[in-house]
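> Fold the stuff below for me.
(one chain, ligands or ions: 1)
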Amino acid sequence: MNDNLTHNSEMAHHYETNARISIPSYDALFGMVQSYFRAELNGEVGSVLVIGAGGGNELTAWGPTNPAWTFTGVDISEDMLKIAKFKTNQLGLSSRVNLIHGTIHDVPEVDAVFDVASCILVLHFIDKVQEKRELLKGIHSRLKPGAPFVLVTAYGDRDGSELKDRLHVWRSFWLDAGKSPTTVNEMVKTGIMKISFMPEEQIEELLQDSGFTHITKFFVTGLFGGWMCHAGSHSVDSE
Ligand SMILES: C[S@@+](CC[C@H](N)C(=O)[O-])C[C@H]1O[C@@H](n2cnc3c(N)ncnc32)[C@H](O)[C@@H]1O
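Down below sits the predicted model:
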């Protein structure tokens with residue numbers, strides 16, 4: 001293994017472990033989204049748009065079990081994409097996976113042909129509401145009308161007691177995994193509270209503004225929530 005691969009595999013290992021501490025239902029989440037997409041696609045061939053595909057977890061969770069699905073994975077991190085590439089090659093998925101280094105704007109809009117899309121654990125890394133909206137609109141405009149979309153993101157009102165209570169739960173996951181209270185307090189201060197939380201009403205409004213309909217919250221674990229919805233008609237698109 002060369003230095004680059006070693007670095008990427010350490011990074012992957014770190015991410016894999018931490019994601020499952022931060023979200024103890026992480027693997028179940030991928031299973032639930034797969035079930036939803038399968039039911040929506042009803043056995044048909046499916047082209048899947050994965051925003052934030054770095055690390056490759058959507059591709060490796062859904063690729064082998066759904067041989068008729070093809071994937072376009074988009075990520076701004078070259079290192080994370082290298083991990084995705086390595087994992088998909090190992091699983092023999094590369095002929096069904098197209099990886100794009102960049103943002104939604106790097107996915108040609110003429111390809112408004114995706115049958116389903118996911119954006120898992122990405123939106124809270126984007127600070128500006130306008131940029132979040134552009135991402136969601138960009139996803140919407142590349143989906144077939146009626147296509148299902150799953151959004152999973154940190155959510156909550158920074159000033160509300162409800163988020164504080166969920167933060168308490170999130171802290172407990174890390175304490176139970178063996179981190180000291182000092183380390184966890186530091187992680188809260190310098191890490192998790194730096195991400196962009198949005199109250200759930202605003203997330204639902206943002207989805208609506210971006211052209212999505214039938215918005216339903218289906219998932220909550222600790223600080224994170226998940227919404228299922230459908231791409232409405234394309235008339236609202238204006239990127
Ligand atoms: C926490 S990881 C989640 C990866 C994967 N979706 C999962 O759930 O395991 C967040 C990923 O989103 C990527 N990312 C952040 N902002 C992005 C953007 N605007 N467009 C595409 N990818 C982005 C990061 O590079 C990173 O790989």
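
> ok, which residues in the chain are in contact with the ligand?
19, 51-52, 54-55, 57-58, 74-77, 80, 103, 120-122, 125-126, 135 (CB under 6 Å from any ligand atom). Yep, even glycine has a C-beta here, placed from its N, CA and C like the rest.

> Can you tell me which of those residues end up in strands?
If you go by DSSP state E, those have 51, 74, 75, 120 in strands.

> Put the buried members of the residues you listed into a ChimeraX selection.
Applying 16 or more other CB atoms under 10 Å to those, the buried members can be selected in ChimeraX as follows:
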select :51,74,75,120
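
> and residue 234, what pLDDT?
Looking at residue 234, its pLDDT reads 75.

> Verify the contact between it and residue 147 for me.
No. With contact defined as CB atoms under 8 Å, residue 234 does not count as touching residue 147 (11.0 Å).

> Who has more neighbours out of those two?
Neighbour count, other CB atoms under 10 Å: between residue 234 and residue 147, residue 147 has more, with 25 against 13.

> and the spatially closest residue to the more buried one that is not a sequence neighbour, how many neighbours does it have?
Using CB to CB, 6 or more residues apart in numbering and skipping residues adjacent in sequence, the residue nearest residue 147 is residue 231, 4.8 Å away. Residue 231 has 26 neighbours, counted by other CB under 10 Å.

> Tabulate the CA atom coordinates of the one helix or strand residue 141 maps to in CSV.
Here residue 141 sits within helix 129-142, counting by DSSP states H and E. C-alpha atoms of helix 129-142 as CSV (Å, rounded to 0.1, in the frame of the first residue of the first chain):
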residue,chain,number,x,y,z
VAL,A,129,-28.8,29.3,3.7
GLN,A,130,-28.6,30.5,0.1
GLU,A,131,-26.0,27.9,-0.6
LYS,A,132,-28.0,25.1,1.0
ARG,A,133,-31.0,26.2,-1.1
GLU,A,134,-28.8,26.2,-4.3
LEU,A,135,-27.7,22.7,-3.5
LEU,A,136,-31.2,21.4,-3.0
LYS,A,137,-32.5,23.2,-6.1
GLY,A,138,-29.6,21.7,-8.0
ILE,A,139,-30.6,18.3,-6.9
HIS,A,140,-34.2,18.9,-7.7
SER,A,141,-33.5,20.1,-11.2
ARG,A,142,-31.5,16.9,-12.0
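
> Show me what it packs onto, helices and strands only.
strand 46-51, strand 116-120, strand 148-154, helix 200-209 (3 or more CB pairs under 8 Å, 6 or more residues apart in numbering; DSSP states H and E).

> Please repeat the previous calculation with a cut-off of 10 Å.
Counting contacts by 3 or more CB pairs under 10 Å, 6 or more residues apart in numbering; DSSP states H and E, helix 129-142 packs against strand 46-51, strand 69-75, strand 116-120, strand 148-154, helix 200-209, strand 212-221, strand 224-231.
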